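> Quick one, structure for this:
(one chain, ligands or ions: 1)
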Amino acid sequence: MSSTWSLPADIEIPVRHPMAPEPGAQMREHWEKCFGCGSDQPTGLGMTFIAGEGLTVEAQFDVAHRYQGGPGVIHGGILSTGFDEAMGTCCMLLANSVVTAHLEVDYARPIVLGSTLKFSCRIDGAVRRKVYSSAEAYVDGSNAPVATARALFVQIDMDQHFKDTKQFIDHF
Ligand SMILES: CCCCCCCC(=O)SCCNC(=O)CCNC(=O)[C@H](O)C(C)(C)COP(=O)(O)OP(=O)(O)OC[C@H]1O[C@@H](n2cnc3c(N)ncnc32)[C@H](O)[C@@H]1OP(=O)(O)O
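Alright, predicted model coming up:
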């Protein structure tokens with residue numbers, strides 16, 4: 001796997017929010033209609049998340065047959081979505097609202113339908129509103145990652161960011 005991704009020189013390690021879930025605790029969905037995590041999104045991934053130590057999160061979902069890309073294997077965009085959701089949820093350890101500004105994925109191995117895909121995510125640091133994250137994905141029985149990812153999330157003001165799409169919001 002290869003990447004030209006590099007972290008900025010002025011990066012700082014942010015502080016985990018004191019109200020963040022304890023290590024080992026389940027983290028909540030960020031929105032019930034979300035394709036990645038929402039419990040009110042029947043076609044979604046239904047991802048689940050466990051807070052780790054420090055600025056880390058473990059996440060997973062089952063690779064259902066409807067996520068097929070090539071014969072018998074996951075669609076690459078679905079894997080990318082899994083990374084996006086898992087790393088975005090990791091940023092919730094800072095108790096700020098974020099959106100994805102940049103996401104890159106290296107796909108190392110095909111992922112067979114029926115697998116449970118697991119993600120190990122971390123916050124690498126922050127600069128102003130920018131939060132940098134990286135992650136690896138694994139399937140059961142494999143110690144080597146099947147894919148890796150790096151992403152930049154940017155903290156937003158929710159009211160401002162969603163001001164033109166408020167009609168879709170029941171509640172947050
Ligand atoms: C909540 C947890 C779970 C979430 C999981 C799912 C997350 C998602 O999928 S979100 C949906 C997909 N993402 C989006 O729709 C975002 C669309 N983009 C935007 O709205 C805007 O471009 C946004 C908010 C990212 C940045 O805009 P804005 O608020 O005006 O800030 P802006 O000043 O442009 O950028 C802030 C900083 O980020 C940097 N930045 C912004 N975009 C990028 C980029 N693509 N690459 C590198 N740097 C970037 C800027 O250079 C700036 O850096 P600095 O502080 O050094 O000047």
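
> mind listing what the residue of the chain found nearest the ligand touches?
Relative to the ligand, the nearest point of the chain is residue 88 (2.7 Å; C-beta to the nearest ligand atom). Heads up, the C-betas are built off the backbone N, CA and C, glycines and all. By C-beta atoms under 8 Å, 6 or more residues apart in numbering, residue 88 lies in contact with 30, 36, 98, 99, 100, 151, 153.

> Kindly report the same for residue 57.
Counting by C-beta under 8 Å, 6+ apart, residue 57 has contacts 27, 49, 50, 51, 86, 89, 90, 93, 119, 121, 122.

> element containing the fifth one, please.
It refers to residue 86. helix 76-91 (DSSP states H and E).

> which of the residues in stretch 69-79 are buried?
By 16 or more other C-beta atoms under 10 Å, the buried positions in stretch 69-79 come out as 73, 74, 78, 79.

> Take those residues and write them to CSV, including pLDDT and distance to the ligand.
CSV is the format used below for the buried residues of stretch 69-79 (pLDDT from 0 to 100; distance: C-beta to the nearest ligand atom, whole Å):
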residue, pLDDT, distance to the ligand
73, 98, 23
74, 98, 18
78, 98, 13
79, 98, 14
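
> Skip the chain neighbours and tell me the closest residue to residue 29.
residue 37 (4.1 Å; C-beta to C-beta, 6 or more residues apart in numbering).

> In the contacts of residue 88, find the pair that's most separated.
30 and 151 (15.3 Å; C-beta to C-beta).

> ok, these two, which is more surrounded?
Taking neighbours as other C-beta atoms under 10 Å, residue 30 and residue 151 compare with residue 151 leading, 27 against 18.

> Is that one located within a helix, as I assumed?
No - counting by DSSP: H, G, I helix; E, B strand; the rest coil, residue 151 falls outside a helix, being strand.

> Show me the beta-bridge partners of it.
Beta-bridge partners for residue 151, by DSSP bridges, are residue 103, residue 133.

> Against residue 12, how distant is it?
18 Å (C-beta to C-beta, to the nearest Å).

> buried sites along the top strand by length along the chain?
As assigned by DSSP state E, the longest strand anywhere in the chain is strand 116-127. Within strand 116-127, the residues that qualify as buried are 117, 118, 119, 120, 121, 122, 123, 124, 125, 126, counting by 16+ other C-beta under 10 Å.
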